[in-house]
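In: sequence unknown, structure follows:
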């Protein structure tokens, strides 16, 4: 993990989202709706909803907005049904890209994702074509500026809670978990008052690709920008070493 901290990218995205919070709130609102539908409106009995609420708070979503989303999802049996879809493909120079989406119209989403790849000189592949290059892990990021704990104490707290690995990066600490225990680890750290800049189950590349060609960099950036601007897209994972 060392040398490939996601924290700078997360900070950049948050700054971007401060000017356009509608996008991230739309993403989280859909996740709340799906979590409530699948496990009920009570976070104490719904670990997935607890995780989405934690994500919402990390993105500065107001508590009343979160509560409204939960109540709306719980009380509206005729609400829009979203389903998860995932796409895999290649950017320039064989950059591996995975796109997770939550949509009420798979045809629209597929067309938009395909267009984003094409405009960036890439192409959508078959399911499984690049996911084997990633490891699915829980990733908790702690901003050093927000956390007063001694690094060794934080590491022991994370490992005692069930984390697999702990990494001390330049501006942040990164805690890696098995996805099956991510919710438990996140809850244990939250109970200890440890602030989290981000907490999510993510896809971590096994290897990274560096681009030296300026046109290739512009192409991959175009694809990523188009995907991030799409309301259906929940997350984009890639192995470009930005």
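Out: All right, it came through fine. Because the structure is a prediction, the values reported are computed rather than measured. Numbering: from 1, shown residues only.

In: now the strands for the protein?
Out: Along the chain, counting by DSSP state E, strands occupy 83-90, 96-103, 123-124, 134-143, 165-168, 172-177, 198-205, 233-238.

In: which elements pack onto the longest one?
Out: Put plainly, it is strand 134-143. Strand 134-143 sits against helix 7-19, strand 172-177, helix 182-191, strand 198-205, with contacts defined as 3 or more Cβ pairs under 8 Å, 6 or more residues apart in numbering; DSSP states H and E. In this view, the C-beta of every residue, glycine as well, is placed from N, C-alpha and C.

In: adjacent strands (with direction) for the last one?
Out: What that stands for is strand 198-205. Take DSSP bridges as the rule and strand 198-205 pairs in its sheet with strand 134-143 (antiparallel).

In: the partner strand vs strand 83-90, what angle?
Out: Between the axes of strand 134-143 and strand 83-90, defined by axes from the mean of the first three to the mean of the last three Cα atoms, to 10 degrees, the angle is 100 degrees.

In: wait, isn't residue 207 in contact with residue 240?
Out: No - counting by Cβ atoms under 8 Å, residue 207 does not reach residue 240; the two are 11.3 Å apart.

In: so for these two, which sits in the more crowded spot?
Out: More neighbours surround residue 240 than the other of residue 207 and residue 240, with 21 against 9 (other Cβ atoms under 10 Å).

In: excluding sequence neighbours, find me the nearest residue to that one.
Out: Among residues not flanking residue 240 along the chain, residue 95 sits closest, at 4.9 Å (Cβ to Cβ, 6 or more residues apart in numbering).

In: what about that neighbour, how many neighbours?
Out: By other Cβ under 10 Å, the residues close to residue 95 number 24.

In: how near is it to residue 123?
Out: 11 Å (Cβ to Cβ, to the nearest Å).

In: circling back: now tabulate the strands of the chain in a markdown table and tack on mean pLDDT and mean neighbour count.
Out: Formatted as a markdown table, the strands of the chain follow (pLDDT from 0 to 100; neighbours: other Cβ atoms under 10 Å):
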| stretch | mean pLDDT | mean neighbour count |
| --- | --- | --- |
| strand 83-90 | 95 | 17 |
| strand 96-103 | 95 | 23 |
| strand 123-124 | 96 | 14 |
| strand 134-143 | 93 | 20 |
| strand 165-168 | 93 | 16 |
| strand 172-177 | 94 | 24 |
| strand 198-205 | 90 | 20 |
| strand 233-238 | 93 | 20 |
